[in-house]
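In: Generate a structure from the sequence data that follows.
(chains A and B)
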Amino acid sequence: MSEAKTPFIRLIKRPLMNPRKAMAIRIGSIVFAFILGMIPIIMAGSNPFESYGIIISGALSKPGYIRQTVKRAIPLLGAALAIAPCFKMKFWNIGAEGQITMGAIFASAIAIWFQNSLPAFPLITLMMLAGLVGGAIWAFIPGFFKAKYNTNETLFTLMMNYIAIGIVRWLQGGPWEGRPGTQIIPMFNDNARLPNVFGIYCGWIIVLIMVVIVHIYMNYTKHGFEVAVIGDSINTARYAGMNVGWVMMRTMLLSGAICGVVGWMLVSGANGTLNADVAGGVGFTAITVAWLSQLNSFAMIIIAAILAIIGKGSATLQTKLNVPASVADIVSGILLFCMLGCEFFINYKMVFRSKHEKEVK
Amino acid sequence: METVQNNCAIELKGITKTFGKIVANDGVDLQINRGEILCLLGENGSGKTTLMNMLSGIYQPDSGEIFKNGEQVAIRSPRDAYTLGIGMIHQHYHLVNVFTAAQNIILGMEDQKMDLAAVNDKVKEICDRYGFNINPRKKIYDMSVSQKQTVEIVKVLYRGAEILILDEPTAVLTPQETEKLFAVLRNMKKDNKAIILITHKLAEVLDVSDKVAILRKGKYIGTVNTKEATAQSLTDMMVGRAVTLNIDRPVYSSIHDKLEVKGLTVVDHEGIKKLDDVTFTAKAGEILGVAGIAGSGQKELLEALTGLYPIQSGSITFIEENGQRKELVGKTPMQIRQAGVGMGFVPEDRLGMGLVGSMGMTGNMMLRSWRNGKGVFFDKKNPQALADKVWKDLEVVTPSTAFPVRRMSGGNIQKVLVGREIASSPPVMLTAYAVRGLDINTSYTIYNLLTEQKMGGAAVMYIGEELDVLLELCDRIMVLCAGKVSGIVDARKTTKEKIGLLMTTVGGHKEKEVKEDEEEAENE
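Out: Coordinates of the predicted model:
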């Protein structure tokens, strides 16, 4: 009769691994990633140990460096918090980029229209609310179509990104252009700028508060429970009497609102004006942050910090050792690959075909 | 004898196939002749589809031999099967929606040049020969279910199949379409093809087949000439003798109406009637069994009752203890709960519908109570207490109430689900295949829990597949066939054979016609 061959490597699902061992594997994978990351650095003609040293010192050795690193981490953390509820629901919102941009547009509109007539506090509050509404609207549109017509949310949210960025380009060169021909929107007045705390705009306090709020929302509220059930099985959610379509739209509203707040912080805090690069890929990098932290909002602080350090540090590396800064992208890519890959080894184990087994057969 | 030998298209000898501990086929012998329609008959899980999958190369037998034209052959893949001229039309079609009929027909044929005009001509020729009617240029997504089936059949014929296997082809067809299909099958028979038909509808078996082979629990029972068979004799062979299980069945003192269903009709997204004018009453203090071949509308019935399936017409009325009547049609599951109608529901798909696999027992207890709790926060204390209680009372084996239920064994998963559903002592308790895949002990635990609910005055509905269990556990049994009620019988007075007959007779009242057919057959 036909003889089925045992494959050389088989994968077997593991029983639940104890948390300590799982953590060891995760840390091991990070170490492994940095070892692998040495290869592109060597190929760029530099000493990897020296390079890693410069990355770290370039990000953390001086208060000024630290400030810049934190500045990078703030929107990353904020956007990761925003997409976490969507991803928990298995709703693949990759439109954080556009939602941030839209929030930034709305906040900027308030700044441009009212900066000469309103004092700082009401103006900034109004900008925040506007940003929140802008991001929420941008996220609600794909949420609505997914809930009502089951459109593909991945494509939809992705396309929405480019529309938002296109709108900024138009504003830059048109209605909001400063000196004609510059394609630049002038800096906002001081009353539209977020105040600094410890030398960094106060957005870092806001995102830290959001970490706690998102954590509570996801783990202790009815809404969070609904999101978790839908993420596991839509049929179970219907069985339990949940209104799946509404929960999807509501979660997207929330996600977009947080993104909008991030957009507001970027224009009012980090940049002081609006440009087409306002989100600058943060919405995509945030996906990495959210995945690597397994949607745990406290873990996101650490991951966002690591990615910000690599990013800032490699900018220094470029100036000092003439290693291209894109090495940072390569290293974070390798890091993502290894950390996601290690989850596979936590859930499965490999069994190699052995001679013994053949005899048993 | 000589002619029979020559006529034999394919022969199976001692075919055995096991999946883990389950023996799907146990030493099956089968002979299929050219110019003959053979019906393969058997209950759910009797091994029909497994046997046919071995003929079409999807599975390989563990032991046994297959002969074609007297020569032993090995069928290792669907390609081998095609080479031998065996083609199977599966219950679920394997067609590419965005391709045309002709493109689907030549799909996967390597030696085929993409000369669609020639393909179209050949398809036309096949259609004319057997009386099909399809447009080879039409896209699959524009086709009705019956047309898709036609494409599948033509696909098989196009590849030169001499032996055709059809797995429940009439399940998705209207009576008119069924007639057409049978006409085509008769034409193929005249063309000296061998046809194997899997169906559960006895009227069809008697109508179209020449021979009937019967399987029961993986074993081959025998082959009879259709002319010599009656609906009753076939049913008897199919269900076998009744087995005594000694399930405790007390009688509740004051049985009264609880859930009144009238003319319930539902249609699925493809426009097929899944329930057709279903009328019955579930009574408090009774277990109402629901018997039927798989896919006769059981799943849709329970989902319609709980507000999960869209209802086309009919009424579902819940009767309160004080006689007040509440209409449930048009309400969402949440609205039904908010109207104060307590319904426990143990769905067939435990992890996919009744439970959240990634959560522990506590999280799963919350599925029924997540709306309680102050403000925006959910309450975890009560579900935790309930989880602890179910864990202890039903002896669920799990390291903790936070351990994901997905990682538990099937029996424990079911205990969690049933434990939660009976916790609030709902006046209506609906269960679908509540003991499927469970060991004997756990099964009896479930029977006892349901009987306790009944004795507490609940109206229990038990959708089951094992007739022996239905006969001993239930008070009344409703039999569904192709979405229609073919009869509601007293479980204490009926027999396995009677239920078996109802299960295979659409509408039930066709019994008379069947008898007339038998008389005709006898006269001949």
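
In: Do a quick rundown of the helices in the stretch 101-250 of chain A.
Out: A:120-149, A:153-173, A:203-220, A:222-232, A:234-239, A:244-265 (DSSP state H, counting those that start in this stretch).

In: which of those sits most buried?
Out: Highest mean neighbour count among the helices of the stretch 101-250 of chain A (mean count of other Cβ atoms under 10 Å in any protein chain shown): helix A:244-265, with a mean of 26. Every C-beta, even on glycine, is put in place using the N, C-alpha and C of the backbone.

In: From the contact counts, what lies against that one?
Out: If you count contacts as 3 or more Cβ pairs under 8 Å, 6 or more residues apart in numbering or on different chains; DSSP states H and E, helix A:244-265 packs onto helix A:63-88, helix A:96-114, helix A:120-149, helix A:203-220, helix A:222-232, helix A:234-239.

In: what's the angle between it and helix A:153-173?
Out: Using axes from the mean of the first three to the mean of the last three Cα atoms, to 10 degrees, one finds that helix A:244-265 and helix A:153-173 are set 30 degrees apart in direction.

In: State the next helix or strand along the chain beyond helix A:244-265.
Out: Remark: after helix A:244-265, the chain's next helix or strand is helix A:282-292, criterion DSSP states H and E.

In: Could you list the residues in contact with that next one?
Out: Contact with helix A:282-292 is made by A:75-80, A:82-84, A:87, A:94-100, A:161, A:259, A:262, A:299-300, A:303-304, A:307, A:332, A:335-336, A:339-340, as judged by Cβ atoms under 8 Å, 6 or more residues apart in numbering or on different chains.

In: what separates that helix from the chain centre, distance-wise?
Out: Centre-to-centre, helix A:282-292 and its host chain are 3 Å apart (Cα atoms, centre = their mean, to the nearest Å).

In: now do stretch B:327-339
Out: Worked out by Cα atoms, centre = their mean, stretch B:327-339 lies 28 Å from the chain centre.

In: contacting residues around the residue of chain A found nearest chain B?
Out: With Cβ to the nearest Cβ, the shortest gap between chain A and chain B falls at residue A:241, namely 3.6 Å. Applying Cβ under 8 Å, 6+ apart to residue A:241 gives the contacts B:332, B:333, B:334, B:337, B:371.

In: tell me the phi and psi of it?
Out: Dihedral angles of residue A:241 (phi, psi; degrees, to the nearest 10) stand at phi 90, psi 20.

In: just residue B:46 next, same as before
Out: phi -90, psi -10.

In: And the one helix or strand residue B:156 maps to, what does it pack against?
Out: Using DSSP H and E, residue B:156 sits in helix B:145-158. Identification of packing neighbours for helix B:145-158 by 3+ Cβ pairs under 8 Å, 6+ apart yields strand B:86-89, helix B:101-106, helix B:116-130, strand B:163-167, helix B:175-190.

In: Chain A: which of the ones you listed is closest?
Out: Of these, nearest to chain A by Cβ to the nearest Cβ is strand B:86-89, at 16.2 Å.

In: Partner strands of the closest one, with direction?
Out: Strand B:86-89 has these partner strands in its sheet, going by DSSP bridges: strand B:163-167 (parallel).

In: how about residue 171, what does it touch?
Out: Just so you know, I chose chain A. A:105, A:185, A:274.

In: Switch to chain B, please.
Out: B:91, B:295, B:482.

In: and it, that's in a helix?
Out: Yes - counting by DSSP: H, G, I helix; E, B strand; the rest coil, residue B:171 falls inside a helix.

In: Near chain A, which residues of chain B are found?
Out: B:60-63, B:74, B:76, B:306, B:308, B:332-334, B:337, B:345, B:347, B:349, B:351-359, B:363, B:366-368, B:370-371, B:373, B:376-378, B:403-404, B:407 (Cβ under 8 Å from any Cβ of the partner chain).

In: And the buried ones among these, selectable in PyMOL?
Out: In PyMOL syntax, the buried subset of the residues of chain B next to chain A is picked out as below (16 or more other Cβ atoms under 10 Å in any protein chain shown):
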select buried, chain B and resi 60+61+306+308+333+337+345+347+351+353+354+355+356+357+358+359+363+366+367+368+370+371+373+378+403+404+407
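
In: quick one: which of the residues of chain B next to chain A sit in strands?
Out: Members of the residues of chain B next to chain A lying in strands (criterion: DSSP state E): B:63, B:345.

In: so what's residue B:251 closest to, chain neighbours aside?
Out: Of all residues beyond its chain neighbours, the one nearest residue B:251 is residue B:475 (7.8 Å), with distances taken as Cβ to Cβ, 6 or more residues apart in numbering or on different chains.

In: Per-residue pLDDT of the one you found, please?
Out: For residue B:475, the pLDDT comes out at 94.

In: cool, residue B:179 as well?
Out: 87.

In: Residue A:2 too?
Out: Looking at residue A:2, the pLDDT reads 40.

In: Please apply the same query to the one 10 residues further on.
Out: The predicted structure scores residue A:12 at 71 on the pLDDT scale.

In: so it touches residue A:348, yeah?
Out: Yes - applying Cβ atoms under 8 Å as the test, residue A:12 and residue A:348 come out as touching, 6.4 Å apart.

In: The two: which has the busier surroundings?
Out: residue A:348 (13 against 9; other Cβ atoms under 10 Å in any protein chain shown).

In: so the closest residue to that one other than its chain neighbours bridges to which residues?
Out: Leaving aside its sequence neighbours, residue A:348 sits nearest to residue A:11 (Cβ to Cβ, 6+ apart; 4.7 Å). As for beta bridges, residue A:11 partners with residue A:350 under DSSP bridges.

In: Now tabulate the helices and strands packed on helix A:244-265 in JSON lines and tack on mean pLDDT and distance to chain B.
Out: Shown next, in JSON lines, are these (pLDDT from 0 to 100; distance: least, Cβ to the nearest Cβ, whole Å):
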{"stretch": "helix A:63-88", "mean pLDDT": "93", "distance to chain B": "11"}
{"stretch": "helix A:96-114", "mean pLDDT": "95", "distance to chain B": "23"}
{"stretch": "helix A:120-149", "mean pLDDT": "94", "distance to chain B": "14"}
{"stretch": "helix A:203-220", "mean pLDDT": "95", "distance to chain B": "5"}
{"stretch": "helix A:222-232", "mean pLDDT": "95", "distance to chain B": "5"}
{"stretch": "helix A:234-239", "mean pLDDT": "93", "distance to chain B": "4"}
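
In: want to throw those into CSV with distance to residue B:489?
Out: Below are the helices and strands packed on helix A:244-265 laid out as CSV (distance: least, Cβ to Cβ, whole Å):
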stretch, distance to residue B:489
helix A:63-88, 49
helix A:96-114, 61
helix A:120-149, 45
helix A:203-220, 52
helix A:222-232, 40
helix A:234-239, 31
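
In: Looking at these, which is nearest to residue B:496?
Out: helix A:234-239 (33.1 Å; Cβ to Cβ).
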